[in-house]
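Colleague: have a look at this prediction, sequence included:
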Amino acid sequence: MAVIWFTPTEITPGTANAWTDADVSGSVPTGSTGVILHFENTGTTTTAVGFRKNGSGDNRTQNLYSSSHFWCAIGVDTNRILELYLGNITSVNVWLVGYFGSDASFFTNAVDKSLSSSGTWLDIDISADTGIDTAIGAIFEVTGAVSANWGIRKNGSSDSRIKDVDSHGAAIIGVDSSEICEGYVSTTTAGYFLVGYVTEGSTFYTNAVDMSLSESTIWEESFTGETFPPSGWTTGGDANWTRDATTYDTSPAAANSGVITHNQNTWLDKDITLSQEAVLKFKWKVSSESGYDCLCYCQDMDATCTRTNNTAKRSGEGNWAAYTSSALTIGDHSLRWLYAKDSSVSSGTDEGWIDTLSLVAGVEVWIDLATLASGATGGYFEIVSGSYQDKFGLRKNGSSENIYWGAAGENHAFGLVEADANGKIEGKIANENMDFYLVGYAGEAAPPEGGQMTLSTKYWGT
């Protein structure tokens, strides 16, 4: 029996700072050997987390970073009970997303497979741990200290993704015909613990398939032309916006609010039509009475856009700052920038500016990440980031789930994610620093074609 997936079910324990039984018999059937869990820390501080098979003497409760998440697999006993440890049950959520049957085996106490030296790739041989079974994949819990880098790959692979573990993580990876995978640590304080192994019902690649998403800028405006407003833009209110060639973020100019007095406003508009989802990025700057005279951005609310009713606003003395909109869905949208004053007091130069606008596809929106071949039910992903805790999400195509945080080990995690009936999985990234690599998949299917998956072109309509 291959991995069975279902709609995520929360199993967060009700007690903090203690190992607590999690009985999942209501969700997984008799004969299940282990479960797939998704941990998320929605809080602003790190907190201890742990997971183990019921009856285990293991006691690894390393930290899960703030605003981060990861997936793991762990065994259940014959009564379908596992044990969880959370240092904080308010900010940390645990989701049950699937289970293994006879296709995987899990140890009561994990086998310590930590590496004896650092700075090089070393074999991790699990053949002595699987007994009469022959494993095709290994399931690990990974622990570490601050700034401990780690990597894992199938034996014979040329992959070399080495990133932070910084406390707690997990991995699922293929082994070769001799039941060997390879590990890397920057310090021997990082540990690999074999919690189980897969014998059938999954496929693992020697070299992972790059499924990374691409950011695509498909429209830009920095008010370089002498004509203002540019084509497709309108301005109005009690005064028109103008082009300012002395104050700007990107040379040679920015859009500058019109000159107004108390109880007046001045606006600049752009209407768009989108064929696919995207986000709007821009820079803005203001010099005004703090809290009362405001530069506002209004998304799809032209008729009701005011200094007190808006999507976002700035006031006071502020330098150029970046803003990224929420997702703009397929269809028509109105974008308005408004500078508005209250009934009294003027401060600063009493104006606002916008500049360096771009419509960007591929970031901050859920899009198709991978299409697995027919018969595949879910994907096993390695997720790595080029910078600290860049946000990412993975989910079944069509799901309304919106777990979107940084990687648990600052910039390294694994994801075990269900696909829809057509083999589709969705991803979401904050920027191109985040990469996804498909190390394997659940179900009986032929592998997808290799190479990077690039987003289809999205455009700015008129």
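Modeller: Received it, and whenever you're ready, just let me know what you need. What you are looking at is a predicted structure, and each value in this text was computed from that prediction instead of being measured.

Colleague: show me what contacts residue 20?
Modeller: 13, 14, 83, 84, 85 (C-beta atoms under 8 Å, 6 or more residues apart in numbering). In this view, the C-beta of every residue, glycine as well, is placed from N, C-alpha and C.

Colleague: could you measure from it over to residue 162?
Modeller: From residue 20 across to residue 162, the span is 34 Å (C-beta to C-beta, to the nearest Å).

Colleague: where along the stretch 1-150 of the chain do the strands fall?
Modeller: With DSSP state E, counting those that start in this stretch, the ranges of strands along the stretch 1-150 of the chain come out as 4-10, 20-23, 34-41, 47-53, 63-64, 68-75, 81-86, 92-100, 104-112, 122-125, 137-143, 149-154.

Colleague: which one of these lies closest to residue 319?
Modeller: strand 68-75 (30.0 Å; C-beta to C-beta).

Colleague: ok, what's across the strand from residue 379?
Modeller: residue 417, residue 441 (DSSP bridges).

Colleague: that one: neighbouring residues, count only.
Modeller: Per other C-beta atoms under 10 Å, the neighbour tally for residue 379 reads 27.

Colleague: got it, and residue 415?
Modeller: Neighbour tally, residue 415, other C-beta under 10 Å: 26.

Colleague: before we move on, what SS does it have?
Modeller: strand (DSSP: H, G, I helix; E, B strand; the rest coil).

Colleague: may I see the contacts of residue 20 arranged in JSON lines, with pLDDT as well?
Modeller: Below are the contacts of residue 20 laid out as JSON lines (pLDDT from 0 to 100):
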{"residue": "13", "pLDDT": "97"}
{"residue": "14", "pLDDT": "97"}
{"residue": "83", "pLDDT": "98"}
{"residue": "84", "pLDDT": "98"}
{"residue": "85", "pLDDT": "98"}
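
Colleague: which among those count as buried?
Modeller: Among the contacts of residue 20, those classed as buried by 16 or more other C-beta atoms under 10 Å are 13, 83, 84, 85.

Colleague: wait, the second one touches residue 19, no?
Modeller: Yes. Using C-beta atoms under 8 Å, residue 83 and residue 19 qualify as a contacting pair, with a distance of 4.8 Å.

Colleague: for residue 184, name its beta-bridge partners.
Modeller: Going by DSSP bridges, residue 184 forms beta bridges with residue 151.

Colleague: need the pLDDT of it.
Modeller: If you check residue 184, the pLDDT there is 95.

Colleague: tally of neighbours for it?
Modeller: Neighbours of residue 184 using other C-beta under 10 Å come to 19.

Colleague: same check, this time on residue 260
Modeller: Counted with other C-beta under 10 Å, residues neighbouring residue 260 total 18.

Colleague: can we start the residue count at 747 from this point?
Modeller: Shifting the count to begin at 747 puts that one at residue 1006.

Colleague: element containing the residue sitting nearest the centre point of the chain?
Modeller: The chain has residue 1138 as the residue nearest its centroid, 0.9 Å off, counting by C-alpha atoms, centre = their mean. If you go by DSSP states H and E, residue 1138 is part of strand 1137-1142.

Colleague: after that strand comes which helix or strand?
Modeller: The helix or strand immediately downstream of strand 1137-1142 is strand 1151-1153, counting by DSSP H and E.

Colleague: who are the packing partners of that following strand?
Modeller: Under the contact definition 3 or more C-beta pairs under 8 Å, 6 or more residues apart in numbering; DSSP states H and E, strand 1151-1153 sits against strand 814-821, strand 1122-1131, strand 1137-1142.

Colleague: chain center to that strand: distance?
Modeller: Its chain's average C-alpha position is 5 Å from that of strand 1151-1153, according to C-alpha atoms, centre = their mean, to the nearest Å.
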